[in-house]
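A.B. asks: only geometry, no sequence info:
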């Protein structure tokens with residue numbers, strides 16, 4: 001039977017989000033209806049809030065909840081199961097089909113669309129490919145951020161980069177995704193782990209999550225400082241200069257400056273070796289990325305993107321839950337603010353002002 005829901009809607013015209021009371025339909029054969037418990041507030045959603053659109057929009061793409069209805073073709077979850085709702089298709093192999101984006105019909109007759117899922121709501125309806133079964137005894141508050149922040153940041157380390165013990169890492173941005181990147185680098189045994197940010201408080205938080213060195217980019221040139229911290233004694237590059245820089249430089253911001261800084265922060269290739277470094281774009285870029293082509297070519301650096309941490313949720317979520325259970329991933333420390341659904345505009349404003357360290361969540 002149809003499910004009453006309260007959903008935060010971004011109107012087509014500029015203005016605050018509004019909470020709509022509406023009814024979700026019975027699930028289609030490949031859909032699941034979930035009563036949500038907690039939902040993460042991701043910085044990337046600001047792009048959708050402030051970007052152009054030709055319809056109302058529903059947001060939120062990382063959440064926990066319990067299944068209240070399933071379509072006739074759904075087999076991996078049932079009513080009452082604890083689940084994670086995420087924007088990344090759950091399957092280990094290629095998805096068997098393209099998952100359908102969710103939408104809601106509002107009382108005013110207008111349809112509000114999502115990019116895939118929506119989770120700023122007390123109930124959601126989603127394609128079953130976006131719904132991952134969780135253990136029944138798992139905590140369902142802070143674990144909601146595994147659906148995006150953890151998979152994006154930690155996944156970039158273990159899947160995209162495959163950082164090994166003793167390799168050096170620099171992480172630009174100590175927000176929710178950056179802190180997950182730092183935590184995963186610590187689990188991988190990276191050394192040093194250098195956190196770069198503009199805010200001393202965020203840098204101190206980064207140390208608690210595993211950073212061994214910090215760089216305030218508002219006070220020093222971060223590229224120069226990273227190179228000072230990572231000399232490679234006795235080795236020269238193609239041009240006869242001393243080799244310095246990190247094995248892996250991650251941009252977890254996507255801003256123009258940080259996107260340009262990861263490549264020169266990555267170590268030059270030592271002459272006569274096959275030792276190559278990597279610059280990895282994790283944050284969503286806001287503009288075209290320009291790079292120093294000679295640096296890329298002469299030092300054979302790798303520049304790559306990482307979308308969703310190259311994660312497969314059915315494979316990777318159990319890994320991150322294990323990290324959380326044994327204290328290697330401190331989700332309690334990552335979640336620094338909690339809001340109710342009616343406070344969504346307050347939460348968005350705090351996110352825009354840079355007032356949220358780590359990650360904020362909605363408790364639903």
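C.D. replies: Thanks, I have it. Source: prediction; values computed, not measured.

A.B. asks: disregarding residues adjacent in the polypeptide, which is nearest to residue 84?
C.D. replies: Once flanking residues are discounted, residue 84 sits nearest to residue 132: 4.4 Å by C-beta to C-beta, 6 or more residues apart in numbering. Just so you know, the C-beta spots here come from the backbone N, C-alpha and C atoms, and that holds for glycine as well.

A.B. asks: do residue 255 as well
C.D. replies: residue 286 (6.8 Å).

A.B. asks: does the one you found really touch residue 258, like I thought?
C.D. replies: No. If you go by C-beta atoms under 8 Å, residue 286 and residue 258 don't touch, sitting 10.8 Å apart.

A.B. asks: tell me how many other residues crowd residue 256.
C.D. replies: 14 (other C-beta atoms under 10 Å).

A.B. asks: quick one: distance of stretch 195-210 to the chain centre.
C.D. replies: Mean-position distance between stretch 195-210 and its chain equals 17 Å (C-alpha atoms, centre = their mean, to the nearest Å).

A.B. asks: oops, could you answer that again for stretch 115-130 instead?
C.D. replies: 17 Å.

A.B. asks: do the same with stretch 334-354
C.D. replies: Taking mean C-alpha positions (C-alpha atoms, centre = their mean), stretch 334-354 and its chain are 17 Å apart.

A.B. asks: helices or strands up against the strand of greatest length in the chain?
C.D. replies: Secondary structure assigned by DSSP state E gives strand 31-41 as the longest strand of the chain. On a contact count with 3 or more C-beta pairs under 8 Å, 6 or more residues apart in numbering; DSSP states H and E, strand 31-41 meets strand 62-70, strand 82-86, strand 123-127, helix 344-352, strand 359-363.

A.B. asks: again, only this time at 7 Å
C.D. replies: strand 62-70, strand 123-127, strand 359-363 (3 or more C-beta pairs under 7 Å, 6 or more residues apart in numbering; DSSP states H and E).

A.B. asks: direction included, what does that strand pair against?
C.D. replies: strand 62-70 (antiparallel), strand 123-127 (antiparallel), strand 359-363 (antiparallel) (DSSP bridges).

A.B. asks: tell me the helices and strands packed up against the following helix or strand past the second one.
C.D. replies: If I follow you right, that is strand 123-127. Sequence-wise, the next helix or strand downstream of strand 123-127 (DSSP states H and E) is strand 131-133. The elements that strand 131-133 packs onto, with contact taken as 3+ C-beta pairs under 7 Å, 6+ apart, are strand 82-86, helix 313-325.
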